[in-house]
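In: Have a look; sequence and predicted model below, questions after that.
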Amino acid sequence: MSTTMTPATPATATPRRRPGPVALGLRQGRLEITQFLRSRESVVFTLGFPVIMIMIFASIFDGEIAPGVRFTQYFVTGMIATGLMTVSFQNLGIWIPIERDRGVLKRYRGTPMPKWVYFAGKVILVVVVGVAETALLLAVSAALFDLELPGTAAKWLTFGWVSALGITACTLCGIAISSLARSSRSGSAVVTPVALVLQFISGVFFVFTQLPSWMQQVAALFPLKWMCQGLRSVFLPEAFGTQEPGGSFELGRVALVLGAWCVIGLLLCLGTFRWTTNRDG
């Protein structure tokens with residue numbers, strides 16, 4: 001009796017489903033956050049700097065800047081704004097040149113991964129760290145220095161859109177300025193002085209109206225001044241708006257300037273961003 005052998009049918013491999021755009025962005029964001037948390041120095045400085053500064057200022061200036069308005073209530077607005085600028089503009093302006101110099105960006109460019117995924121990861125990192133940093137600052141200020149948090153939904157809404165526009169503008173400008181650094185070592189030298197000067201002239205460490213008029217005019221050209229002004233409308237009484245240079249908090253102008261800087265930052269990114277160093281050609 002002969003037995004007919006039927007050849008085995010090869011198993012068909014189920015093709016792996018490619019992750020969608022959202023999944024790609026979230027994966028890259030998780031990678032960026034993991035790398036950030038592994039750098040203890042970056043975590044401590046980024047999250048701790050605004051808290052340390054508000055503790056110093058609140059301890060030195062233990063009084064009122066105006067009737068019913070404590071110094072802490074005024075300076076917390078600058079600390080929030082400078083914290084958002086640090087995690088976006090300053091950190092990206094320093095980190096990206098390091099990755100470029102190490103060839104990380106060149107390898108990204110050579111993979112099938114869409115280029116936007118790299119930037120999506122940076123944006124997710126900035127948003128997550130920015131929210132954590134702001135929440136920590138508000139918690140410490142409220143617990144230790146009697147900071148009065150916004151009491152209405154309208155003020156929280158203003159807090160949200162000012163922070164969102166501000167961090168978007170600073171993120172795009174940070175990506176753009178990263179191309180000025182010729183090497184990983186020069187990133188900090190390029191970005192840090194710019195960030196420090198903006199903090200001193202934008203009403204972060206001093207009452208803005210007490211600065212020289214020419215300094216106020218220079219600060220008005222950049223986003224940080226408008227971030228501080230918009231946040232002052234959230235944490236200070238409405239009557240305090242008369243103390244502003246324009247006689248009010250000018251929230252319409254705040255939105256216009258920050259929105260304009262988002263467009264300017266995007267155009268600068270598109271026109272200047274480099275994936276490789278000059279020596280790579």
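Out: Looks like it arrived, so ask away. Numbering: from 1, shown residues only.
In: ok but Val131 is inside a strand, no?
Out: No - per DSSP: H, G, I helix; E, B strand; the rest coil, Val131 lies outside any strand segment and is helix.
In: What is the neighbour count of it?
Out: 14 (other CB atoms under 10 Å). For the C-beta atoms, the positions are set from N, CA and C on the backbone; glycine is no exception.
In: For stretch 85-102, list the C-alpha coordinates in PDB.
Out: Taking Å, rounded to 0.1, in the frame of the first residue of the first chain, the C-alpha atoms of stretch 85-102 are listed here in PDB:
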ATOM      1  CA  MET A  85      11.300  79.100  28.700                       C
ATOM      2  CA  THR A  86      14.000  77.000  30.300                       C
ATOM      3  CA  VAL A  87      12.500  73.600  29.500                       C
ATOM      4  CA  SER A  88      11.700  74.600  25.900                       C
ATOM      5  CA  PHE A  89      14.000  77.400  24.500                       C
ATOM      6  CA  GLN A  90      17.100  76.900  26.600                       C
ATOM      7  CA  ASN A  91      17.100  73.100  27.000                       C
ATOM      8  CA  LEU A  92      16.300  72.400  23.300                       C
ATOM      9  CA  GLY A  93      18.900  74.900  22.200                       C
ATOM     10  CA  ILE A  94      21.500  73.000  24.200                       C
ATOM     11  CA  TRP A  95      20.400  69.400  23.800                       C
ATOM     12  CA  ILE A  96      19.900  69.400  20.000                       C
ATOM     13  CA  PRO A  97      23.500  70.500  19.200                       C
ATOM     14  CA  ILE A  98      24.700  67.700  21.400                       C
ATOM     15  CA  GLU A  99      22.600  65.100  19.500                       C
ATOM     16  CA  ARG A 100      23.700  66.600  16.200                       C
ATOM     17  CA  ASP A 101      27.400  66.500  17.200                       C
ATOM     18  CA  ARG A 102      27.100  62.800  18.300                       C
END
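In: Give me the buried positions along that stretch.
Out: 85-101 (16 or more other CB atoms under 10 Å).
In: mind showing which ranges of this protein have poor pLDDT?
Out: 1-18, 278-281 (pLDDT under 70).
In: where do the strands sit along it?
Out: Counting by DSSP state E, the chain has strands at residues 64-66, 69-70.
In: ranking those by burial, who's on top?
Out: Most buried of the strands of the chain, by mean neighbour count (mean count of other CB atoms under 10 Å): strand 69-70, with a mean of 18.
In: what pairs with that one, and is each one parallel or antiparallel?
Out: strand 64-66 (antiparallel) (DSSP bridges).
In: What lies in contact with the strand it pairs with?
Out: Applying CB atoms under 8 Å, 6 or more residues apart in numbering, the contact partners of strand 64-66 are 70-71, 73-74, 207, 240, 243.
In: Check stretch 194-205 too.
Out: So stretch 194-205 is in contact with 57, 75, 78-79, 81-82, 85-86, 89-90, 177, 206, 208, 211, 215-216, 218-219, 222, 224-225, 228-229, going by CB under 8 Å, 6+ apart.
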